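Undergrad: sharing a model prediction with you, sequence too.
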Amino acid sequence: MSRIRRTLIIVFIALGLSSCEALIDLADQASQMYNMVNCTFDFNNVNNVQMLGINLNKGMTKNDLNVSQLLNLTNALISKSLPVSFNVNLDVDNPNPIAAAMSKMDYILTLNGKQVVSTTLNEGVNVPANSKGSVSIPITTDLFQLFSGESADAIVNLAFKLAGANSEPVNVGLKVKPYIKINNQQLAYPDFISLNKTLK
């Protein structure tokens, strides 16, 4: 018996669904979630990178900062804190003959093998049949706390690397777990989908 069928049987029992209409509706929603798992997820890019409230444009380096920004960066490093935020953007290709959907998703993001965040994106995603869609995942972290064993220069360079600067490659790892919502209950797919991207 396939994993998805076992999951459906458990759901039927848990929710106490007995009518044909309810079962058909559940099967349709579960199929959409299953199709989402069968979609192709690809990294598109990392954008909207901000460090200490400074927008880091593509290819920008520390040399592009003005005097005031450099002072703020110096003070932040003395304080051993370097907050950054950015978006991880994914392309979703649905080759299936019916729509692929989820009500929310858990995600775990890593940078160079270090876990940055493990949380939930509470936004629904629906990709029509034989179509492409996208998902944008907002990330906020403190690079200095995350890479406390690294030099200050390496940590600052990592922030600029996320914005596309020429420096050491950075590996971005992402795991996502989709959910569907049925009868006001959030049901998770059993496994995480794993993605990796090296920013060179």
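TA: Thanks, I have it.

Undergrad: am I right that residue 43 sits in a strand?
TA: Yes - counting by DSSP: H, G, I helix; E, B strand; the rest coil, residue 43 falls inside a strand.

Undergrad: what distance do you get for the residue nearest the centre of the chain to residue 125?
TA: For the chain, residue 137 is the residue whose C-alpha lies nearest the centre (Cα atoms, centre = their mean; 4.5 Å). Per Cβ to Cβ, to the nearest Å, residue 137 is found 11 Å from residue 125. Where you see a C-beta, it was placed from the backbone N, CA and C, and this is true even at glycine.

Undergrad: again with residue 94
TA: From residue 94 to residue 125 the distance is 10 Å (Cβ to Cβ).

Undergrad: can you check residue 66 too?
TA: Look at residue 66 and residue 125: by Cβ to Cβ, they are 39 Å apart.

Undergrad: those two: who's more crowded?
TA: Taking neighbours as other Cβ atoms under 10 Å, residue 66 and residue 125 compare with residue 125 leading, 19 against 9.

Undergrad: quick one, strands of the chain?
TA: Taking DSSP state E, the strands of the chain run over residues 40-51, 54-55, 83-94, 100-102, 104-111, 114-121, 125-127, 131-142, 170-182, 185-188, 193-199.

Undergrad: which residues do residue 94 and residue 125 both contact?
TA: Counting by Cβ atoms under 8 Å, 6 or more residues apart in numbering, the shared contacts of residue 94 and residue 125 are 36, 133.

Undergrad: my read: residue 160 touches residue 62, true?
TA: Yes - at 6.6 Å, residue 160 and residue 62 qualify as touching, with contact defined as Cβ atoms under 8 Å.

Undergrad: looking at the two, which has the bigger crowd around it?
TA: Per other Cβ under 10 Å, whichever of residue 160 and residue 62 has more neighbours is residue 160, with 21 against 14.

Undergrad: pull up the gap between the more buried one and residue 115, please.
TA: 22 Å.

Undergrad: over to residue 181?
TA: In this view, residue 181 and residue 115 are 27 Å apart by Cβ to Cβ.

Undergrad: so for those two, which sits in the more crowded spot?
TA: residue 181 (15 against 12).

Undergrad: identify the residue spatially nearest to that one, adjacent ones excluded.
TA: Nearest non-adjacent residue to residue 181, counting by Cβ to Cβ, 6 or more residues apart in numbering: residue 103, 3.9 Å away.

Undergrad: give the contact list for that neighbour.
TA: By Cβ under 8 Å, 6+ apart, the neighbours of residue 103 are 124, 179, 180, 181, 186.

Undergrad: buried members of the residues you listed into ChimeraX, please.
TA: If you want just the buried ones from those in ChimeraX, going by 16 or more other Cβ atoms under 10 Å, the selection is:
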select :179,180
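
Undergrad: nearest to residue 45 among the contacts of residue 103?
TA: Residue 45 lies nearest to residue 124 out of the contacts of residue 103, by Cβ to Cβ, at 22.4 Å.

Undergrad: how far away is the closest one from residue 181?
TA: Distance of residue 124 to residue 181, computed by Cβ to Cβ: 8 Å.
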